[in-house]
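J.: quick one: sequence and predicted model below, then my questions.
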Amino acid sequence: MTASASQRTRTRRLLLRTLPLVALLAALLVALFLVSGVQQETAGGAFLEDGYLGVLVVTLLALAILFWSIGYRLLSLVRNVRGGVPGARLAARWVINFLALSLPPALIVFFFSAWFLSSTIDSWFDVRVESALADSLELGQEFLDNRTLEVRNQLREIAAGITLLQEDGELLRGALLDRVRAAGPTELSVMETGGTLVATANIDALTGLPERPGDFALMQASEQGEYAAAEPTTDGRLQIRVIQLMPAAFPGGSPRFLQAIYPLPADITSLANSIEQEYFRYQNVSYLRQSLKQSFLLILSLVLLLTILLAILAALNSARRMVSPLSRLSSATREVAAGDFGKEVAVGPRDEIGFLAESFNEMTQALKAASQAAEASRAELQAQGEFLEKVLANLSSGVLTLDQQGRMITANAACAQILGLPAGLPTGLPDSAPDGQSLQQLRQAAPFLQPFVDIIERQLGRDRSEWQQEIRIDRPGAPLVLLMRGTRLPLLSPPGAAPSFGQVVVFDDVTVLNQAQREAAWAEVARRLAHEVKNPLTPIRLAAERLHMKLAGKLEADDGAMLERASNTIVTQVEALRKLVDAFGDYAQEPRLSRESIRLDELVGEVVALYQQGDAALQFTLDLCPGPAGLAADSGRLRQMLHNLIRNAGEAAGENRVALEIRSRVVGEKGGQWLLLELLDNGPGFPASVLQQPFEPYVTSKSHGRGLGLAICRKIVSEHNGRIAIDNRPGGGARVEVMLPLNPAGTGPDSAG
């Protein structure tokens, strides 16, 4: 941010802070001005009329500034709330609560004040007050009337006493002075009817000439014979002026006026003036009563509006000051929750919020240290976990962990390969799948694993720390022999809960090992049979043929026929024994493979062509992929395997026609490319006894079978590092699957069995 932009920002903030205060002060001054104006107007002035326009302009300008300032702050608060700014909702609640606490008392005071003002103003104009003022005024007037009547009577007596002295000036002045001193008037004057002074006497010798009465007074005195009225003096007091018409002293003379001035006491004058002023002021205020109410209500409303605006402004500023550090704490908390444990906030004043900020910084420092330690531990655990995972993934043994309820926690890749576990089984480290499949689900998904599941369930209910057992699983197509070993596994338990134990089950597929042991035993038997049985077979056959040759012409017909049958039986059985011994020899002989690159499609075509020419009961359907390239095998041994499989299909069907489908394709599996060869027929399929022990020597369901065909086929496939499996087709018939590696050095999995 540039210096000019920073300066503009500071100026804008200063205006936002100072303008509302200036406007509020101006509005308060206007309110005071209005109150003063109403008071002066009540007293009879015209104060508001002179400054009304200026007051209106100042008021509107102050209110506009306040409304703009509050509106700007409220709009910013609403935008922050909608934008999800940290602390905005708290600030909004703070403002609402502040207003909820401050506005009701202000409204209560406003309505009470309005009622009180209205009642008070109405009480000013009580009928009894007005009557009392009128009575006071009437009382004063009655006093003046009585005093006037009294001085009028007194002046008549004085006029009667000095009528004859009018022509003598000295006597007249002396008589007037005596009357002034004795009767009580402060001034006595004799004047012509036109107002010309004839003689005068005043109680104060220093007083100058008396004031000439007004024309109205002279005219009334001429017409009515006398005049009397109370009038103010120059010093603010009241006096009674009485003028009496005196007749002429002698016939033919002119009448004259006798004027007397009677001052009223100062207190009476003051009270009379006060009563009169208050009465007229009361009448004036009574006339303006409704306007007065409206003026005070307007001022009170202005004060209420200023109070509300001040409350809103104070709430917004207070919320900003209060929530600002909390907003920084909230924003910092979000960053800490996102993983930035080094975040710190500025520590403000030493109050609760400052203590909270300081505690937050201490917490983030502790979290940062703990995070670094946890990261180091996690990296170490991850390295150990990866090492353990690699070890488990590359183990040839199946490793299965279960909890106390029989739920599978982990299973390495060998488990799926050995057992053929269903999809969805958890794999990985022990804490990666705490809600794995249960043994019951495994039993339902793969019913042939019932013995495997039963053994584990029995061991889960026991307290044995270690156990070992070998079981046989009748897996469809290839039985499975497993050597199982188990150990109790301590599991993590919630705090305060009893310790729980699961099981670690390690199992190995010993089917091949057992099969190899049996094959070795059968091979030893075959070698011994081939050695012990094959040697005497030739002498037995030669002896039988020699007996037939020597005795054929010497015996009678019946005996000759019997000799023929006996010698043929011996020769036939010896030949059968020789073939059996040869088969034993083939089974027992060590593999001497002559590997070469061959095309399986051509090899299968050659073998099938032999059967198509000589056996009409076999109907072939070929679906072979070209080649494929990369198959290194002993063509003779593969040819022998094909003959055995085709011959088995034909012998199993008996005299029925057999539809034999042979197909091949290249498939990709872990470890490289494989050639899949399938033979499918529509015969009766394999009996259950054969499926249980498919490649066991001397296991056959045919009356004349030797039980070595499938065993020899498996031996040939194993010599080529392949695998073979058999099963029955769902619609009827048998299925044989042979998998051969396409790379000469490839080592596929052991043959199924």
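T.: Everything's here; your move.

J.: which segments of this protein make up each domain?
T.: 10-124+288-334, 148-279, 395-509, 516-588, 596-741 (automatic domain parsing).

J.: so E737 makes contact with I724?
T.: Yes - applying Cβ atoms under 8 Å as the test, E737 and I724 come out as touching, 6.9 Å apart. Where C-beta positions appear, they are placed from N, C-alpha and C, glycine not excepted.

J.: what kind of secondary structure is the spatially most central residue of the chain in?
T.: Centroid-nearest residue in the chain, with Cα atoms, centre = their mean: G84, separated by 10.9 Å. Following DSSP: H, G, I helix; E, B strand; the rest coil, the label given to G84 is coil.

J.: and for the one 10 residues further on?
T.: When the structure is split into helix, strand and coil by three-state DSSP, W94 lands in helix.

J.: quick one, what contacts it?
T.: Counting by Cβ atoms under 8 Å, 6 or more residues apart in numbering, W94 touches A315, S318, A319, M322, V323.

J.: kindly reformat the residues you listed as CSV containing distance to T511.
T.: Formatted as CSV, the contacts of W94 follow (distance: Cβ to Cβ, whole Å):
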residue, distance to T511
A315, 83
S318, 82
A319, 78
M322, 77
V323, 73
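
J.: just these: which are in helices?
T.: Per DSSP state H, helices hold the following members of these: A315, S318, A319, M322, V323.

J.: buried ones among these?
T.: Neighbour counting by 16 or more other Cβ atoms under 10 Å classes A315, A319, M322, V323 among the ones in helices among the contacts of W94 as buried.

J.: in CSV, list those along with pLDDT and distance to R637.
T.: Shown next, in CSV, are these (pLDDT from 0 to 100; distance: Cβ to Cβ, whole Å):
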residue, pLDDT, distance to R637
A315, 76, 97
A319, 73, 91
M322, 73, 91
V323, 72, 87
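
J.: of all the residues you listed, which comes closest to G709?
T.: Checking these against G709 by Cβ to Cβ gives V323 as the nearest, at 88.9 Å.

J.: does that closest one touch L90 like I think?
T.: Yes - using Cβ under 8 Å, V323 is in contact with L90, at 5.2 Å.

J.: now do the contacts for A653.
T.: Here A653 is in contact with A617, D681, G683, P684 (criterion: Cβ under 8 Å, 6+ apart).

J.: how near is it to F620?
T.: According to Cβ to Cβ, to the nearest Å, A653 and F620 sit 13 Å apart.

J.: likewise for L638?
T.: Taking Cβ to Cβ, one finds L638 at 17 Å from F620.

J.: which one of these two has more residues nearby?
T.: More neighbours surround L638 than the other of L638 and F620, with 23 against 17 (other Cβ atoms under 10 Å).

J.: which parts of the host helix or strand of that one are buried?
T.: Element membership for L638, per DSSP states H and E: helix 635-653. Burial within helix 635-653, assessed by neighbour count using 16+ other Cβ under 10 Å, is assigned to 635, 637-642, 644-646, 648-650, 652-653.

J.: helix or strand next in line after that helix, which one?
T.: Downstream of helix 635-653 (by DSSP H and E), the next one is strand 658-669.

J.: for that next one, what is the distance to the chain centroid?
T.: In this view, strand 658-669 has its centroid 58 Å away from the chain centroid, taken as Cα atoms, centre = their mean, to the nearest Å.

J.: what is that strand packed up against?
T.: If you count contacts as 3 or more Cβ pairs under 8 Å, 6 or more residues apart in numbering; DSSP states H and E, strand 658-669 packs onto helix 600-614, strand 618-623, helix 635-653, strand 672-681.

J.: so what's the residue count around A91?
T.: Using other Cβ under 10 Å, A91 has 24 neighbouring residues.

J.: now do N412
T.: 24.

J.: distance of it relative to L449?
T.: Using Cβ to Cβ, N412 is found at 17 Å from L449.

J.: now do the same contact list for the closest residue in space to V738 that isn't next to it in sequence.
T.: In space, and not counting its chain neighbours, V738 is closest to L677: 4.3 Å by Cβ to Cβ, 6 or more residues apart in numbering. Contact analysis of L677 by Cβ under 8 Å, 6+ apart lists L600, V604, I662, R663, S664, E737, V738, M739, L740.

J.: hey, which helix or strand in the chain has the poorest pLDDT?
T.: helix 3-42 (a mean of 56; mean pLDDT, DSSP states H and E).

J.: V506: what's it in contact with?
T.: Listed by Cβ under 8 Å, 6+ apart, the contact set of V506 reads S397, G398, V399, L400, M484, R485, G486.

J.: not including adjacent chain positions, what is the nearest residue to it?
T.: R485 (4.9 Å).

J.: okay, E737 and I724: which has more neighbours?
T.: The neighbour comparison of E737 against I724 (other Cβ under 10 Å) goes to I724, with 26 against 16.

J.: name the SS class of the more buried one, please.
T.: strand.

J.: report the beta-bridge partners for it.
T.: V738 (DSSP bridges).

J.: distance of it relative to I598?
T.: Distance from I724 to I598, by Cβ to Cβ: 18 Å.

J.: with V571 instead?
T.: From V571 to I598 the distance is 39 Å (Cβ to Cβ).

J.: cool, V504 as well?
T.: V504 sits 47 Å away from I598, going by Cβ to Cβ.

J.: now swap in F116 and tell me
T.: Note on F116: its distance to I598, by Cβ to Cβ, is 119 Å.

J.: higher neighbour count, these two?
T.: The residue with more neighbours, out of F116 and I598, is I598; 16 against 12, by other Cβ under 10 Å.

J.: perfect, I'm done here.
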